[in-house]
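> sequence first, then the predicted structure:
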Amino acid sequence: QVQLVESGGGLVQAGGSLRLSCAASGRTLYAMGWFRQAPGKEREYVAAINRSGSNTNYVDSVKGRFTISRDNAKNTVYLQMNSLKPEDTAVYYCAAASSSYYYTSSDLYHYWGQGTQVTVSS
């Protein structure tokens with residue numbers, strides 16, 4: 001069993017930065033992903049990282065602005081978000097998959113955090 005707890009969300013002006021953290025407990029060293037869900041929209045894939053941290057992947061809309069990373073010694077995954085835009089406003093969720101390689105589909109993630117709100121004002 002894996003428990004995931006996100007933190008780091010908040011309110012920021014457009015162009016600003018936030019760093020989200022996802023602390024994992026229980027069985028760890030899973031592939032990890034970040035997803036987001038805006039009001040009235042479906043959950044959207046944002047970024048993912050493999051178990052070792054050597055491979056990452058991003059949705060096109062955040063490439064060059066967001067960076068996913070992990071510290072396996074701390075069982076924590078991060079999402080550094082720079083140059084934030086109002087369209088980045090959403091609840092951000094981290095997820096863990098029982099795999100060494102990452103997935104981009106939410107259906108393949110087994111464990112989810114409770115989410116953290118990110119609001120970007122224009």
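Alright, I've got the coordinates.
> list the contacts of the residue minimising distance to the centre of the chain.
Central residue of the chain (C-alpha atoms, centre = their mean): residue 34, 2.5 Å from the mean position. When contacts are counted by C-beta atoms under 8 Å, 6 or more residues apart in numbering, residue 34 is found next to 20, 22, 46-48, 68, 77, 79, 92-95. All C-beta spots, glycine's among them, are computed from the backbone N, C-alpha and C.
> can I get these in CSV with neighbour count, secondary structure and distance to residue 9?
Below are the contacts of residue 34 laid out as CSV (neighbours: other C-beta atoms under 10 Å; DSSP: H, G, I helix; E, B strand; the rest coil; distance: C-beta to C-beta, whole Å):
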residue, neighbour count, secondary structure, distance to residue 9
20, 24, strand, 6
22, 26, strand, 11
46, 25, strand, 13
47, 25, strand, 15
48, 25, strand, 19
68, 24, strand, 16
77, 29, strand, 14
79, 27, strand, 10
92, 23, strand, 6
93, 23, strand, 11
94, 30, strand, 11
95, 25, strand, 16
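> so residue 8 makes contact with residue 18?
Yes - checked against C-beta atoms under 8 Å, the pair residue 8 and residue 18 is within contact range at 6.1 Å.
> compare neighbour counts for these two and give me the winner.
Taking other C-beta atoms under 10 Å, residue 8 and residue 18 do not tie; residue 18 has more neighbours (20 against 16).
> gap between that one and residue 80?
From residue 18 across to residue 80, the span is 8 Å (C-beta to C-beta, to the nearest Å).
> re earlier: secondary structure class for the residue nearest to the centre of the chain?
strand (DSSP: H, G, I helix; E, B strand; the rest coil).
> which residues does it bridge with?
Beta bridges link residue 34 to residue 47, residue 94, judged by DSSP bridges.
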